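Student: Here you go, sequence then predicted model.
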Amino acid sequence: MSSGRRSSTSAGGSNAALATKVQELARFRSEFFGRLSEVLSDRDDVRIVGDRFVFQSEVLFGSGSAQIADAGKDKLAQFAATLREITPRIPSNINWILQVEGHTDTVPINNEQFRSNWELSAGRAISVVKYLVEQGLPAERLSATGYGEYQPIAPGDLERNRRIEMKLTQR
């Protein structure tokens, strides 16, 4: 007759394996941030905020546009090159992803291409993801999300809230 209890050994083993994967990802995330910080250290248009790289939108895009400007492509190409260099060292058992998040200010937009800030922020995130794929990053390791004006980092500061954030995380 089975007691219906799970073995604490198997539960403990799976928790230990998960903890190991989380530690490995943290180590590679740290290397990723360290290398990119070196590459981007002389730039004041890209900031590190917590565990994210923040690119101000005006560095990457014209007003009301999701088309990446040439100067923005240069910055994203540097970012992609560093990530391409680091990714082969991430163990295959770590299911990592680079989240690309688009954000806007609170000024409403309504043009032929974008009917809302949500659409603009999603369009910008998608443009960045597509460009990173063109730069050789694996599409299955990227995601694009648009937050519109709903996740401000500096309420009332229109310029700082218009941004693209990138975060290396586990799926």
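Tutor: Perfect, I can see it now.
Student: shaky segments in the chain?
Tutor: 1-14, 18, 21-22, 25, 28-29, 31-46 (pLDDT under 70).
Student: Which stretches in it count as strands?
Tutor: Shown for the chain, the strands assigned by DSSP state E span residues 46-49, 52-56, 96-103, 142-146, 163-170.
Student: The first one pairs with which strands?
Tutor: What that stands for is strand 46-49. Sheet partners assigned to strand 46-49 using DSSP bridges are listed as strand 52-56 (antiparallel).
Student: could you check the angle strand 96-103 makes with the partner strand?
Tutor: If you take axes from the mean of the first three to the mean of the last three C-alpha atoms, to 10 degrees, strand 52-56 sits at 30 degrees to strand 96-103.
Student: next one: strand 52-56 to chain centre, how far?
Tutor: 8 Å (C-alpha atoms, centre = their mean, to the nearest Å).
Student: Please save the CA atoms from it in PDB.
Tutor: Extracted C-alpha coordinates of strand 52-56, given in PDB (Å, rounded to 0.1, in the frame of the first residue of the first chain):
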ATOM      1  CA  ARG A  52      18.300  45.800 -17.600                       C
ATOM      2  CA  PHE A  53      20.100  47.700 -20.300                       C
ATOM      3  CA  VAL A  54      18.100  50.900 -21.200                       C
ATOM      4  CA  PHE A  55      18.400  52.500 -24.600                       C
ATOM      5  CA  GLN A  56      16.600  55.800 -24.800                       C
END
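Student: on that earlier part again, got the strands of the chain as CSV, with mean neighbour count columns?
Tutor: The C-beta positions use only the backbone N, C-alpha and C, and glycine is treated the same way. CSV is the format used below for the strands of the chain (neighbours: other C-beta atoms under 10 Å):
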stretch, mean neighbour count
strand 46-49, 16
strand 52-56, 20
strand 96-103, 22
strand 142-146, 19
strand 163-170, 21
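Student: So which of those is nearest F114?
Tutor: strand 142-146 (10.1 Å; C-beta to C-beta).
Student: ok now do A125, which residues does it touch?
Tutor: V100, E101, G102, A144, T145, G146, I164 (C-beta atoms under 8 Å, 6 or more residues apart in numbering).
Student: go on, V100?
Tutor: A125, V128, V129, L132, L142, S143, A144, T145, I164, E165, M166.
Student: go with 6 Å
Tutor: A125, V128, V129, A144, M166 (C-beta atoms under 6 Å, 6 or more residues apart in numbering).
Student: Name the nearest residue to the second one, sequence neighbours excluded.
Tutor: Excluding its sequence neighbours, the residue lying closest to V128 (C-beta to C-beta, 6 or more residues apart in numbering) is V100, at 4.9 Å.
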